[in-house]
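Peer 1: Pasting a predicted model and its sequence here:
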Amino acid sequence: MTQSNSSPAEQGNPFTDYLIAKLRSHPKRIVFTEGEDLRVLRAARRLVVAEAAVPVLLGNRDKIRAMAADNDISLQFINVIEPAKASDLGLFCQRYVKTERYRKVNVASPADVMSRPHFFGAMMVQYGHADALVGGNTTLPASLFRALIHVIQPMPGVPKMFGVMALVAPHLKHFGANGMLFLADCGLIPQPDVEQLASIAIETGKMAKHFLGREPRVALLSHSTKGSAGTEEARKMAAATALAVDHARRDFLEFQISGEIQADVALDPVAAEVKLPDAGNREPADVLVFPNLDAAHISLKLLQHCAGAVNYGQILAGLARPCAQVPRTATEETIFGTAAAVGVEAIKYHLLYPDGEV
């Protein structure tokens, strides 16, 4: 399994330090759907040592135990579950058949479906057997997304599930106000429409506020700044900005939302002063909303692999339970920080929905 070298930023940063501090007061049960992975074992051990979470690893129990023994990793306070042999398998099968019946789908072999780690983990989170989920480290994203969409209830008011990446790069100039940026959508919606873009802006802003502890600045990006290019794509981002501002006002959110603007205007106060002379003193944006998946994903990879930004996520928005999909190339640090992020999202979920229902 390929594993990237750790950078100095991965030895601790304000983002993960904040997350761990929050989780120490409210530890959460985090299920890893692909537990037969040394990176996951090490990340899980770090969460336990930090007293931040109770990890649950899905996979072959003997294989995981052997891997831990070979690498001198303690499994104390780490739960290992083999879905096909789990005591909850029968209950999960009953629940899955019932939910599929509502969709008018006849399930031929529910045990076969529920024995798959992604479906089993999603069922654990949906029905309160775990608080948050991390997967994708050894499989294609589509297999994880399919299970989550089938099992976990959607979040009301969010048109479609999308992904948010948290990036930390204190060594980079103009990288947000605190050396952090939130990028969306980086993994799911190829060509979001105006309504979806507005929702992405609002929901990512809410997530950023939870992680930053303050009102975020949200920028909807374009190749155009305030009509400098009169293309259809630029007009779409302008319309999405107007709709996002309306939604923020309706929901009494105090986000600073700007668009359509170019990336330098969003991040560099000097560029903003030149291109938006009447805008006053502007702080760098914390949230970047991209016009399409190509722009977002390419920007993410360039920032990660060329600029040295450490990435966490993607954290999935639009689901009623906290979940995240990490790439197959994820480092141990990415898996650790992503798990901590969805754990903190679970704290917010339990405060908003103490009875467990959205």
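Peer 2: Alright, I've got the coordinates.
Peer 1: From here on, just use CA atoms for contacts and neighbour counts.
Peer 2: Noted.
Peer 1: Mind giving me the packing neighbours of the helix or strand encompassing residue 248?
Peer 2: Counting by DSSP states H and E, the element that carries residue 248 is helix 232-250. For helix 232-250, the packing partners by 3 or more CA pairs under 8 Å, 6 or more residues apart in numbering; DSSP states H and E come out as helix 194-212, strand 217-221, strand 256-261.
Peer 1: Just want the angle from it to strand 217-221.
Peer 2: Angle of helix 232-250 versus strand 217-221, following axes from the mean of the first three to the mean of the last three CA atoms, to 10 degrees, is 160 degrees.
Peer 1: which parts of helix 232-250 are buried?
Peer 2: Buried residues in helix 232-250, counting neighbours by 16 or more other CA atoms under 10 Å, are found at 233-245, 247-248.
Peer 1: How about stretch 121-129?
Peer 2: The neighbour-count check on stretch 121-129 (16+ other CA under 10 Å) flags 121, 122, 123, 124, 125, 126, 127 as buried.
Peer 1: CA atoms only: put the helix or strand where the fifth one lies into PDB for me.
Peer 2: Under DSSP H and E, the secondary-structure element containing residue 125 is helix 117-126. Extracted as PDB, the C-alpha positions of helix 117-126 are listed here (Å, rounded to 0.1, in the frame of the first residue of the first chain):
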ATOM      1  CA  PRO A 117     -18.400  -3.300   5.300                       C
ATOM      2  CA  HIS A 118     -19.700  -0.100   3.700                       C
ATOM      3  CA  PHE A 119     -23.300  -1.100   4.200                       C
ATOM      4  CA  PHE A 120     -22.700  -2.500   7.600                       C
ATOM      5  CA  GLY A 121     -20.900   0.700   8.700                       C
ATOM      6  CA  ALA A 122     -23.600   2.900   7.300                       C
ATOM      7  CA  MET A 123     -26.300   0.900   9.100                       C
ATOM      8  CA  MET A 124     -24.300   1.300  12.400                       C
ATOM      9  CA  VAL A 125     -24.200   5.100  12.000                       C
ATOM     10  CA  GLN A 126     -27.800   5.400  10.800                       C
END
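Peer 1: and the next element down the chain from that helix?
Peer 2: Reading on from helix 117-126 to the C-terminus, the next helix or strand found by DSSP H and E is strand 132-135.
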